[in-house]
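[1] kindly generate the corresponding structure for this input.
(chains A and B)
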Amino acid sequence: KAGVTQTPRYLIKTRGQQVTLSCSPISGHRSVSWYQQTPGQGLQFLFEYFSETQRNKGNFPGRFSGRQFSNSRSEMNVSTLELGDSALYLCASSARGQGYNEQFFGPGTRLTVL
Amino acid sequence: KNQVEQSPQSLIILEGKNCTLQCNYTVSPFSNLRWYKQDTGRGPVSLTIMTFSENTKSNGRYTATLDADTKQSSLHITASQLSDSASYICVVAAADGNNRLAFGKGNQVVVIP
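    Down below sits the predicted model:
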C-alpha cells in the first residue's frame, strides 16, 4: 500500500505571496491532518479534515486554510506569506481520525519564505 | 503550558549502549499514547501506540512503557545503533470527543561510534 505523499517537497516563496500544498493520504484513509514544524516549537496542529469536513482547527491565523476533496486528498493554503511561516509542513492520514488510531505521516513540504 | 513534557531534551550516547527517554503528560481523559521517530528532514514514523490497558509495548529494539496512574511513559532503546540518531516525539490523545492530540517537543538523540 502506498504511503502518504506530499507535493511539492521544497518551495521557496517571498513575503506576501501565497502557497498551496498538497497531500494524498493512504488509500482508504478518510482523515487528513496538517502540522507545522519549526525547530523551536515542535509540531503544531493546523487542522484536521474528515470526509471533506474540517473536524478540528488549531490556533493559527485565518491566513492558513485547507480543504479536502471527495477522494480524501487535501490541500493547504497559506496567503500573504510571512517570514515566520518558514517551516516543514507535514500531513498525516488515519483511517478514523487523528485521535482514534495510528497516523501515518508524509515526508513533508519544506517551505522557505524570503 | 504544554500538556506533554519530554526529557531529556537531548542526549548523546555511545553506539551499543542503552538509553531511556521520558514523557510526562497531563492530558485527561486519556485515550492513547504514541511514540514517533523522526529523522532529520523527514516525516515522523510511528514506533508504538498504547491504550490505557497496555503498560508495555515493543517494536524491535524499542520498548515503550506506560503508567496511566502517574501519567508517565518511557521509551527504551536497546543496543543503540547509529541509525537511532533522531528526534523521538511523544504524542498523547485525549478521550474527550474532540479528537485532539498533544505533542511533546521531542527528545533529540545522537548516537556516536
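[2] please count neighbours and contacts with C-alpha atoms only from this point.
    OK.
[3] strand partners of whichever strand or helix holds residue B:108, parallel vs antiparallel please.
    If you go by DSSP states H and E, residue B:108 is part of strand B:107-112. When pairing is defined by DSSP bridges, strand B:107-112 lines up against strand B:10-14 (parallel), strand B:86-94 (antiparallel).
[4] which one of those strands is the most hemmed in?
    strand B:86-94 (a mean of 24; mean count of other Cα atoms under 10 Å in any protein chain shown).
[5] alpha carbons only: can I get it in CSV?
    These are the backbone C-alpha positions of strand B:86-94, laid out as CSV (Å, rounded to 0.1, in the frame of the first residue of the first chain):
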residue,chain,number,x,y,z
ALA,B,86,16.8,11.1,15.5
SER,B,87,14.1,13.0,17.4
TYR,B,88,11.7,10.9,19.4
ILE,B,89,8.3,12.5,19.8
CYS,B,90,5.7,11.6,22.4
VAL,B,91,2.1,12.3,21.5
VAL,B,92,-1.0,11.9,23.7
ALA,B,93,-4.6,11.6,22.5
ALA,B,94,-7.4,12.8,24.7
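[6] that one: how far from the chain's middle?
    Offset of strand B:86-94 from its chain centre (Cα atoms, centre = their mean, to the nearest Å): 5 Å.
[7] ok, and the closest non-adjacent residue to residue B:12?
    residue B:110 (4.8 Å; Cα to Cα, 6 or more residues apart in numbering or on different chains).
[8] residue B:61 now?
    residue B:78 (5.2 Å).
[9] the one you found reaches residue B:17, doesn't it?
    Yes: Residue B:78 lies in contact with residue B:17 (Cα atoms under 8 Å); the separation is 6.9 Å.
[10] more crowded one of these two?
    Applying other Cα atoms under 10 Å in any protein chain shown to residue B:78 and residue B:17 shows that residue B:78 carries more neighbours, namely 15 against 12.
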